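A.B. asks: sequence and computational prediction follow.
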Amino acid sequence: MSLDIAQAALQIDDMAYDLVARRSHREQRLQRAVSSLLRFPVEQYADISEDGNSTLGLLPGITESPAARCKSEATNENFSVAAADGSHIDIDRHLPVRCFLINTGIAALNYGDKPDANLYNNCLLYGNEDALVIHDPLTYRRQTIEGTLLSAKRAVEEIRALTEAVENLSPHQETLALLDGSLIMLGLVGPLNQEFVLRALVEEGFAAALDELGGIAKQRRLALASYISMPGSTEIVNAIRTVSCHYGSTEQGFCGSSQPERGPCDNCVDGIRDREIFERMLSTGERSATFTSNHPIVTQYYGDNGVAFFYINVGEEIARVEVPSWVAKDKSLLNLTHTLILDQCKRGQGYPVALMEAHEQAVINGADRRFFVQHLERVLYEKGLPTYTSEKVRSKRVRAL
Amino acid sequence: MPEQIERIAEVVEATSTEFTSQCYKLFESAPLGALVKSGGESPVFGVVHDIATLSIDPGRHTVAMGATAESVENIYDTNPQLGRLYSTRFRSLLVGYRNNGQLNRYLAPMPPKVHDHVYECQSEEVREFSNSLEFLSTLLKAPITSGDEVIASFLARASASHTDPNQFLVESGKELATLLGGQLHRLNPLLKRLSL
């Protein structure tokens, strides 16, 4: 027996009791957050949040009323949606060879007079020693691509594949290019990743691809967006706390709810997520105002590509949509994004159908992963190369009594 | 000019007694009871007995999506990916083969090759094949569901290729009566289907 179900069930019961006990308290905070958003002092906030950071967390740029509700407008009936997603097999130290694989999936859908679909994927194995690391040409330092770094490299491959897919679509149709998740490479934040790594993956990788898509958008009607289902972000909540928390900026943001021996203030909205606020604010089909991200990785490495975001009620949930600044600044492109994301969610019964199909193309399931390892071992064996594995993996396979 | 016939499908599974074909176009299968062939100059012949349109990925299940759609065509037009996610397949019972020009109405020594093209036989070839009904016993003994319906469909379709369709059906009925002697519960509905 690997898990004592009865023991876990008791703990789940306790957790549920605790959630029920805190429900009314949470509801009060949510109502406070909604009413604070309705009377949000945009100008006062602009002065406070000048650098975009505070001890209350990351602060977004807010230039219009955050309580604004925008409706979608009709677009042309002939349009295209292209989406990219990815999956990978990471470096496994228990294997006899160091390598990783990235599989990118693409769904390119044409709607209107000539409906059509192109669903495909492309996998790339990285086994060459040089391909497994990022080099710093100045200092000769190197960092192995694995874990979060591999996830970031995958994101770069996804946006490159998306760019190629967009180029293959008719330039005469309005097009929405969609990515799954965030446009901000959050996984790279942290002291472990050195400057040259961020430059290679973000500046020369993701941001360069954003530039390329932006260039294409100058020649045709193209919007780019990333879609986050059930977002957990709290940037708007941070902004509300900045202007409403009694402990706020006057005491360097040491909020009472996060300080031992000090109770939360009367205006506390801690613990609430942005999506919960917009669930109360937006009707089905509406989007929020747009906000800009002040994430340091964007301001430092994205060049001219700022990232803006808005929340949208797609009917089944509140989603977060991130767009590059060249989309956010163009009202018609913003409307195209809004309208086509709603349309995609309607066709996909709650989730953009193009993203769903791109995911289906990209996914590497358990059987694929086992085949990959078995084939790798067989090929190495046929070439007379050692096919050892770790004793840990061997013991897991044998499971001797 | 010989008839130009269009390939409609490709063999994806083959055994000595039947083969499964995947259609190149969704829903564009040869109909139930149609005579099809596969295998170039020495083709094998089969009678279609089962047609299915299913998800290509067995792990993905179809959900209803037409509550507000005007028609089924409208659903496919507004969801163009669907055409890539389903495939139409049909299974055909092997009933004969051609070897060095000689038409044989019994099982072939080898099934068709997987990935070989599949064609629906045109009326001239259907007439030639159904000039003799010796393959009927193969169809009658085949362990398939609704086998008699398949036979009735085949004979009804084949009759249209003969100059005297009624005479062809009368002869077919006689052959069935011989083969199904003592099995009136099968014979009667079959003859009724052939309107004899």
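C.D. replies: Received it, and whenever you're ready, just let me know what you need.
A.B. asks: B:Leu93: what's it in contact with?
C.D. replies: B:17-18, B:46-47, B:49, B:138-139, B:142, B:144, B:150 (CB atoms under 8 Å, 6 or more residues apart in numbering or on different chains). (C-beta placed from N, C-alpha, C; glycine too.)
A.B. asks: then it would be within a strand, right?
C.D. replies: Yes - when classified by DSSP: H, G, I helix; E, B strand; the rest coil, B:Leu93 is found to be part of a strand.
A.B. asks: could I have the helix or strand A:Ile240 falls within exported to CSV, CA atoms only?
C.D. replies: Element membership for A:Ile240 (DSSP states H and E) is helix A:235-244. In CSV, the C-alpha atoms belonging to helix A:235-244 read as follows (Å, rounded to 0.1, in the frame of the first residue of the first chain):
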residue,chain,number,x,y,z
GLU,A,235,-1.3,41.9,-9.6
ILE,A,236,-4.6,43.8,-9.4
VAL,A,237,-5.1,42.8,-5.8
ASN,A,238,-1.6,44.1,-5.1
ALA,A,239,-2.6,47.4,-6.7
ILE,A,240,-5.7,47.6,-4.5
ARG,A,241,-3.7,46.8,-1.4
THR,A,242,-1.2,49.6,-2.3
VAL,A,243,-3.9,52.2,-2.3
SER,A,244,-6.2,50.9,0.4
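A.B. asks: packing partners for it?
C.D. replies: Counting contacts by 3 or more CB pairs under 8 Å, 6 or more residues apart in numbering or on different chains; DSSP states H and E, helix A:235-244 packs against helix A:5-38, helix A:42-48, strand A:57-58, helix A:274-281.
A.B. asks: all helices for the chain, in order.
C.D. replies: I'll assume chain A. A:5-38, A:42-48, A:148-167, A:195-198, A:207-217, A:235-244, A:274-281, A:296-301, A:325-328, A:331-347, A:353-362, A:366-382, A:391-398 (DSSP state H).
A.B. asks: let's do chain B instead
C.D. replies: Taking DSSP H as the criterion, chain B contains helices spanning B:72-78, B:82-85, B:123-129, B:136-141, B:147-159, B:165-179, B:184-193.
A.B. asks: leaving out chain neighbours, which residue sits closest to the closest residue to chain B within the stretch 301-401 of chain A?
C.D. replies: Nearest residue of the stretch 301-401 of chain A to chain B: A:Glu357, at 5.2 Å (CB to the nearest CB). Ranked by CB to CB, 6 or more residues apart in numbering or on different chains and with sequence neighbours excluded, the top spatial neighbour of A:Glu357 is A:Ala107, at 3.7 Å.
A.B. asks: and the residue nearest the centre of chain B, bridged to which residues?
C.D. replies: Closest to where the C-alpha atoms of chain B average out (CA atoms, centre = their mean) is B:Val48, at 1.7 Å. Per DSSP bridges, the residues bridged to B:Val48 are B:Ser92.
A.B. asks: about what we covered before: export the helices of chain A to JSON lines and tack on mean neighbour count and mean pLDDT?
C.D. replies: Converted to JSON lines, the helices of chain A look like this (neighbours: other CB atoms under 10 Å in any protein chain shown; pLDDT from 0 to 100):
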{"stretch": "helix A:5-38", "mean neighbour count": "12", "mean pLDDT": "91"}
{"stretch": "helix A:42-48", "mean neighbour count": "13", "mean pLDDT": "87"}
{"stretch": "helix A:148-167", "mean neighbour count": "21", "mean pLDDT": "96"}
{"stretch": "helix A:195-198", "mean neighbour count": "18", "mean pLDDT": "89"}
{"stretch": "helix A:207-217", "mean neighbour count": "18", "mean pLDDT": "96"}
{"stretch": "helix A:235-244", "mean neighbour count": "24", "mean pLDDT": "88"}
{"stretch": "helix A:274-281", "mean neighbour count": "21", "mean pLDDT": "96"}
{"stretch": "helix A:296-301", "mean neighbour count": "17", "mean pLDDT": "91"}
{"stretch": "helix A:325-328", "mean neighbour count": "22", "mean pLDDT": "96"}
{"stretch": "helix A:331-347", "mean neighbour count": "21", "mean pLDDT": "96"}
{"stretch": "helix A:353-362", "mean neighbour count": "24", "mean pLDDT": "97"}
{"stretch": "helix A:366-382", "mean neighbour count": "13", "mean pLDDT": "91"}
{"stretch": "helix A:391-398", "mean neighbour count": "10", "mean pLDDT": "74"}
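A.B. asks: write out the residues of the stretch 51-200 of chain A neighbouring chain B.
C.D. replies: Residues of the stretch 51-200 of chain A lying near chain B by CB under 8 Å from any CB of the partner chain: A:107, A:109-111, A:115-119.
A.B. asks: buried subset of these?
C.D. replies: A:107, A:109-111, A:115, A:117-119 (16 or more other CB atoms under 10 Å in any protein chain shown).
A.B. asks: need the max-distance pair from these.
C.D. replies: A:Tyr111 and A:Leu119 (14.9 Å; CB to CB).
A.B. asks: which one of the helices of chain B is the most hemmed in?
C.D. replies: Mean neighbours per residue, mean count of other CB atoms under 10 Å in any protein chain shown, is largest over those for helix B:147-159, with a mean of 20.
A.B. asks: now do that one, average pLDDT.
C.D. replies: What helix B:147-159 shows for mean pLDDT is 94.
A.B. asks: check contacts around B:Thr62.
C.D. replies: Contacts of B:Thr62 (CB under 8 Å, 6+ apart): B:Ser55.
A.B. asks: low pLDDT regions in chain B?
C.D. replies: Applying pLDDT under 70 to chain B flags residues B:1-4, B:196.
A.B. asks: which residues of it lie near chain A?
C.D. replies: Counting by CB under 8 Å from any CB, the residues of chain B that sit close to chain A are B:57, B:60, B:63, B:65, B:76-85.
A.B. asks: and if we set it to 7 Å?
C.D. replies: B:63, B:77-81, B:83-84 (CB under 7 Å from any CB of the partner chain).
A.B. asks: from those, pick the one nearest A:Leu178.
C.D. replies: Comparing the residues of chain B next to chain A against A:Leu178 with CB to CB picks out B:Gln81 as the nearest, at 13.6 Å.
A.B. asks: wait, the closest one touches A:Leu119, no?
C.D. replies: Yes - between B:Gln81 and A:Leu119 there is a contact at 6.5 Å, judged by CB atoms under 7 Å.
A.B. asks: that older thread, tell me the two of the residues of chain B next to chain A that are most distant?
C.D. replies: B:Val63 and B:Asp77 (18.0 Å).
A.B. asks: ok, the closest residue to A:Trp326 other than its chain neighbours - contacts?
C.D. replies: Spatial nearest neighbour of A:Trp326, excluding adjacent residues (CB to CB, 6+ apart): A:Gly214 at 5.0 Å. Going by CB atoms under 7 Å, 6 or more residues apart in numbering or on different chains, A:Gly214 touches A:305, A:324, A:326.
A.B. asks: any idea how far A:Gly214 lies from A:Ile184?
C.D. replies: For A:Gly214, the distance to A:Ile184 equals 16 Å [CB to CB, to the nearest Å].
A.B. asks: possible to save the residues of the stretch 51-200 of chain A next to chain B as a markdown table with pLDDT and distance to A:Glu279?
C.D. replies: What follows is those, written out as a markdown table (pLDDT from 0 to 100; distance: CB to CB, whole Å):
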| residue | pLDDT | distance to A:Glu279 |
| --- | --- | --- |
| A:Ala107 | 98 | 28 |
| A:Leu109 | 97 | 29 |
| A:Asn110 | 97 | 33 |
| A:Tyr111 | 96 | 29 |
| A:Pro115 | 95 | 34 |
| A:Asp116 | 95 | 36 |
| A:Ala117 | 96 | 33 |
| A:Asn118 | 96 | 35 |
| A:Leu119 | 97 | 33 |
